[in-house]
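Novice: need coordinates for the below:
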Amino acid sequence: MSSAGNKITVHRKGSGPALVLLHCLGVDHRLWDIAAAGLERDFTLITYDFPGHGDRAVPTTGYGIAELSAELAGVLDQESITRCHLGGISLGGLVAQHFAATHPDRVDHVMLLDTTARYTDEMRQMWVVRARQAREQGVASLLDNLLPVWFTPEFVASNAPAVRYVRDRFAADSGEGYALACAALGAADLRPIVPRITAPTLIVCGDQESDAFQDAARWLESHIDGARLEWLSPARHASVLQQPEAFALVARGFLTMAER
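Specialist: Here you go, the predicted model:
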């Protein structure tokens, strides 16, 4: 993965043990200003943008989940963080899986939020279609179809700050940056390494998520030793954005529990 002038800016909020949070496709680190505000009094939240997202430049070549995981290792080194709690939603959740499996000595607890180890064949084809649409029509053209996937209808209709944030980010996104991330998602298959995760693991999923993601959450629970699965309600794919208070409650209890 290479990029032009792609300096990584890291954002810190709160105080306490380091909690690194990785965002999903199409948004940026500011997702956590909404989703994790309730954790700032207990943890130092460490966030940054993936390539082609937020203020990061679009890479000149494609990349995969392994490259994003290696980048995370570099961010921790840059910030002099030896070990951390780690959480990621969707795309960020795949990166968190890879990092926890390949850098077990650097992860105290891991939270896998509305994510999967591998997309179904139907969804892998969906990433091809979405990448093409993002390049040809712009990322904002995806919103009408994506908002009902991310949020319940009532929440979309409320035009809550989380909904407005997603609308604003998709309107500002680079089509090429989005498309490159789609390719990384479509190619990902972490099933062989997921059982290597040894850190205490929390899996979070919206109770109204698609069947594919609910099945993925159960698969992760059954393939990571001692993993715990929690459902947020009512919520769909962006469960932590729609239910930040419930997420903070579950996450705080998990992250402060005694080590196994």
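Novice: assign Val32 to helix, strand or coil.
Specialist: Careful, residue 32 is Trp; it's not Val. At Trp32, secondary structure determined by DSSP: H, G, I helix; E, B strand; the rest coil is helix.
Novice: tell me who's in contact with it.
Specialist: Neighbouring residues of Trp32 by Cβ atoms under 8 Å, 6 or more residues apart in numbering: Leu21, His23, Leu45, Thr47. Just so you know, the C-beta spots here come from the backbone N, C-alpha and C atoms, and that holds for glycine as well.
Novice: so the spatially closest residue to the last one that is not a sequence neighbour, which state does it fall into?
Specialist: Right, Thr47. Of all residues not flanking Thr47 in the chain, His29 sits nearest, at 3.8 Å (Cβ to Cβ, 6 or more residues apart in numbering). State at His29, reduced to three classes by three-state DSSP: coil.
Novice: again with Leu86
Specialist: strand.
Novice: now do the strands in the stretch 1-150 of the chain.
Specialist: Per DSSP state E, counting those that start in this stretch, the stretch 1-150 of the chain carries strands over the ranges 11-14, 18-22, 44-47, 84-89, 107-113.
Novice: could you pull out the strands for the stretch 151-260 of the chain?
Specialist: Going by DSSP E, counting those that start in this stretch, the stretch 151-260 of the chain shows strands at 201-206, 228-232.
Novice: format the ones you listed as CSV; extra columns: mean pLDDT, mean neighbour count and distance to Asp144.
Specialist: Listed next are these as CSV, based on pLDDT from 0 to 100; neighbours: other Cβ atoms under 10 Å; distance: least, Cβ to Cβ, whole Å:
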stretch, mean pLDDT, mean neighbour count, distance to Asp144
strand 201-206, 99, 25, 20
strand 228-232, 99, 18, 24
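Novice: okay, the ones you listed in TSV with distance to Val110 next?
Specialist: Output for the strands of the stretch 151-260 of the chain, formatted as TSV (distance: least, Cβ to Cβ, whole Å):
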stretch	distance to Val110
strand 201-206	5
strand 228-232	11
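Novice: quick one: closest of those to Val149.
Specialist: Val149 lies closest to strand 201-206 among these, at 10.3 Å (Cβ to Cβ).
Novice: what pairs with that closest one, parallel or antiparallel?
Specialist: According to DSSP bridges, strand 201-206 forms sheet pairs with strand 107-113 (parallel), strand 228-232 (parallel).
Novice: neighbour-wise, which one of the contacts of Trp32 leads?
Specialist: Counting neighbours by other Cβ atoms under 10 Å, Leu21 comes out on top of the contacts of Trp32 with 28 neighbours.
Novice: re earlier: would you list the strands of the stretch 1-150 of the chain in a markdown table and tack on distance to Met123 and mean pLDDT?
Specialist: Listed next are these as a markdown table, based on distance: least, Cβ to Cβ, whole Å; pLDDT from 0 to 100:
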| stretch | distance to Met123 | mean pLDDT |
| --- | --- | --- |
| strand 11-14 | 30 | 98 |
| strand 18-22 | 20 | 99 |
| strand 44-47 | 26 | 99 |
| strand 84-89 | 16 | 99 |
| strand 107-113 | 17 | 99 |
